[in-house]
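Undergrad: I need the structure of the sequence given here:
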Amino acid sequence: MKLAELADRLGAELRGDGDLEVTEVRGIEDAGPQSVTFVANPKYASLARTTRAAAVLVSPDFPEIPAATLRLANPYFAFSQALGFFYQPPRYAPGIHPTAVIDASSQIGKNAHIGAYAVIGPDVRVGDFATILPHVVLYPGVQVGDHFFAHAHAVVREACILGNHVTLENGAIVGSDGFGFAKDASGRWRKIPQSGPVQIGNHVDIQANACVDRATVGTTEIADGAKIDNLVQIGHGSRVGENTLVCAQAGLAGSSVVGANAILAGQAGVAGHCTLGDGVILTAQAGVSHDVPAGKMLSGSPAFDNRTWLRAVTAFQRLPEILRRLHALEKLLRPQPSNPSASSAPEPPQEEHRP
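TA: Residues are numbered from 1 along each chain as shown. Predicted coordinates for the structure are as follows:
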């Protein structure tokens, strides 16, 4: 593709040779003479001056560099668009593999692809243009919308409802039983039936081996545009708001509520029955056991204000030095012990006066 064509398709301002041929998109450190790369993080800005790339996607005010530049407001998003021009994932033709098991009571939309050994139970409804790859299982009563895409070994449990353009990566489980147990009179744990389904909105992505548990009662809800990363746990009866990101190994305990446009970074955890407002950010490994107002950024475990946490971490690294200085100061200021017998001690003997 000519660089001028790429700029036109992205709606970018081109500065450089529009006749350059580009064939791929790469990271800035690995880019070659036919690569397009991008700079969105300021820490990589210096690499743009030495990159071998044919062109760099940058913001409009980025300084001039030897390579050609494509200037637009959101270089990172443009990078993702450019990737789509050069890389196309496998496409699956409509049809049903002969080994797939589909209950006669289920309804399959038009132009669906159903792969080998997929299992679709009774009373399931699958929308148009769905792609269901090998070994996917849809339990009885499941409803999935148009353009549903389930990678191999994804599972949707009974009565769960998924909207349009939902993607389940390998091993994702929607509607697994919530972790609910109650002790009986003898002190043994007894399973609490998990009667409520999971309801997922439109344009939701659930990555590999993530689990969204069904509710004890009511529903577990994932709103439109939410993105659930690998190995995430969404506890029973929880709610995740629109366009919220829940990153790898993060977890919500039962009945947690997370607002819209929030970010839970890797290994963040939220205790049960807590509410996080819109736009809340939990940095990596933050642990929350209380409600958090909208717009707050928290860090640490137990989590508290990010700016205070940054100062605390800086001070923590200096604790050994601070303790040494404190001990030295205490020693300097410590009063010297008095000697009560010193004032009553006999005077030393005087030499006898001789004429």
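
Undergrad: all contacts plus neighbour counts: C-alpha atoms, from now on.
TA: OK.

Undergrad: which ones are touching the residue nearest to residue 289 when sequence neighbours are not counted?
TA: Spatial nearest neighbour of residue 289, chain neighbours left out: residue 271 (4.9 Å); criterion: C-alpha to C-alpha, 6 or more residues apart in numbering. Each residue near residue 271 by C-alpha atoms under 8 Å, 6 or more residues apart in numbering is listed here: 252, 253, 254, 256, 287, 288, 289, 290.

Undergrad: Residue 271 and residue 229: what is the separation?
TA: 19 Å (C-alpha to C-alpha, to the nearest Å).

Undergrad: What is the neighbour count of residue 54?
TA: 23 (other C-alpha atoms under 10 Å).

Undergrad: how near is it to residue 274?
TA: For residue 54, the distance to residue 274 - C-alpha to C-alpha - is 50 Å.

Undergrad: Buried residues of stretch 282-290, list them for me.
TA: 282, 283, 284, 285, 286, 287, 288 (16 or more other C-alpha atoms under 10 Å).

Undergrad: from those residues, which ones fall inside helices?
TA: Using DSSP state H, no member of the buried residues of stretch 282-290 falls in helices.

Undergrad: With distance to residue 93 and pLDDT as added columns, please give the residues you listed in CSV.
TA: As requested, the buried residues of stretch 282-290 are exported to CSV (distance: C-alpha to C-alpha, whole Å; pLDDT from 0 to 100):
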residue, distance to residue 93, pLDDT
282, 42, 98
283, 42, 98
284, 41, 97
285, 42, 97
286, 44, 97
287, 45, 97
288, 46, 97
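
Undergrad: I'd like those residues as a markdown table, with distance to residue 265 appended.
TA: Formatted as a markdown table, these follow (distance: C-alpha to C-alpha, whole Å):
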| residue | distance to residue 265 |
| --- | --- |
| 282 | 6 |
| 283 | 5 |
| 284 | 5 |
| 285 | 7 |
| 286 | 8 |
| 287 | 11 |
| 288 | 12 |
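
Undergrad: Could you identify the most distant pair in those?
TA: Of all pairs drawn from these, the widest gap by C-alpha to C-alpha lies between 284 and 288 and measures 11.7 Å.

Undergrad: Quick one: distance of stretch 252-267 to the chain centre.
TA: 10 Å (C-alpha atoms, centre = their mean, to the nearest Å).

Undergrad: wait, doesn't residue 273 sit right on residue 256?
TA: Yes: using C-alpha atoms under 8 Å, residue 273 is in contact with residue 256, at 4.7 Å.

Undergrad: Compare these two (neighbour count), which wins?
TA: Counting neighbours by other C-alpha under 10 Å for residue 273 and for residue 256 shows that residue 256 has the greater number, 23 against 16.

Undergrad: coming back round to it: wait, which of the buried residues of stretch 282-290 is closest to residue 266?
TA: Distances from residue 266 to these, taken by C-alpha to C-alpha, are shortest for residue 284, at 4.8 Å.
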